[in-house]
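Peer 1: Dropping a prediction and its sequence here:
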Amino acid sequence: MRVDNERGMVLLLVLVMVALLSALLSDFAFSTLIDLRLTEPFRDTTRAEYLARGGITAGRMILQTDRNGYDAKNDPHELWSIGVQDYPLAEGAISIKIDDLDARLSLNSLVDQQGNPNPVFRDRFIRLAEELALDNPNALADALIDWLDPDHDVNPEGAEDATYSAYDPPYEATDGPLRSIYELALIQGFDSETVKRIRPFVSSFGGGKLNINTASPELLRSWDAETGAAIDELLDRRKEGPFKSLNDLRDTLGVETFTALNRNLDLRVVSSYYLIDSQGQVNNGTRRMQAIVAKTNDQLLWQKVN
């Protein structure tokens, strides 16, 4: 009888231990599942970032294949302007968009290499601001030039360190070229709405020349004060196909109008600077990467990961 009791106690003890181990294993499995679920977004986001980085590389390769002597949008020979939308890749998808920055106004050109205001580009900026119905274009131009030039002299409606040091938090003007278009938000007068409206038309990179095939109507009308009426003729001709040389533009506008529009010899039919916008997505993980490249030597000038 005693032996049976001992056997019963041992059996009960074994059952209790099995129950405890089962509970521990169940809790461990549940914790492992929770940890796995928590790491999945990080894993997918990391994979999406590598897809986005690959998109930047693919965009640069596409630009290097472009050798037809002109750059234009929506042209069958311009692979870079077509882009890629939600292309399936591995277990995710990638989207690539390439924008021509020589179709925009180079803001750093408002100050020349000696640090002096450039009146030609200042006037172009003001006319563009007027085209976009921005508030007080002259004040915007003065503040932008003060931000760019190396001196501390304040333009009539501009701002220098004394203004920005009173902000919360305080900061100083860079007194040098814009490193990114997002820097505009730091400059007096460039509130969020102003930056949003002007950003598609301006760039912090570029050689100061304008591609007539890709420039917007607003910027073309701002390029020269005396030839605005001829821009409609240019735009109508552009609908038929891109200008493959400046001679095509001269033949369209006539020698006198063409000479006036190109008086500073800063019109082109090709572009050198491009913005590549790449987005990778894997499940719920998303990463976006932007890069600015110089096409001529495939040089990476700026890069940002979102």
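Peer 2: That came in fine, so what should we check first?
Peer 1: so how far is stretch 243-257 off the chain centroid?
Peer 2: Chain-centre distance of stretch 243-257: 31 Å, with C-alpha atoms, centre = their mean, to the nearest Å.
Peer 1: For the remainder of this discussion, apply numbering that starts at 43.
Peer 2: Sure, I'll start numbering at 43, so the last one becomes stretch 285-299.
Peer 1: Buried ones in it, by neighbour count?
Peer 2: Along stretch 285-299, these residues count as buried under the neighbour rule (16 or more other C-beta atoms under 10 Å): 285, 290, 291, 292, 294, 295, 299. No exception for glycine: its C-beta is placed from N, CA and C like everyone else's.
Peer 1: So what touches it?
Peer 2: When contacts are taken as C-beta atoms under 8 Å, 6 or more residues apart in numbering, the neighbours of stretch 285-299 outside the stretch itself are 111-112, 114, 254-255, 269, 272, 275-276, 279, 300, 303-304, 309-311.
Peer 1: In helices, which of those fall?
Peer 2: When DSSP state H is applied, the contacts of stretch 285-299 are split such that 272, 275, 276, 279, 300, 303 fall in helices.
Peer 1: now for these, which pair is the farthest apart?
Peer 2: Greatest spacing in the ones in helices among the contacts of stretch 285-299, by C-beta to C-beta: 279 and 303 (13.3 Å).
Peer 1: Looking at the two, which has the bigger crowd around it?
Peer 2: residue 303 (24 against 17; other C-beta atoms under 10 Å).
Peer 1: mind checking pLDDT for that one?
Peer 2: Predicted confidence (pLDDT) at residue 303: the value is 93.
Peer 1: who's in contact with it?
Peer 2: By C-beta under 8 Å, 6+ apart, the neighbours of residue 303 are 265, 266, 269, 272, 295, 309.
Peer 1: Out of those residues, which one has the lowest pLDDT?
Peer 2: When those are compared on pLDDT, residue 269 comes out lowest, with 85.
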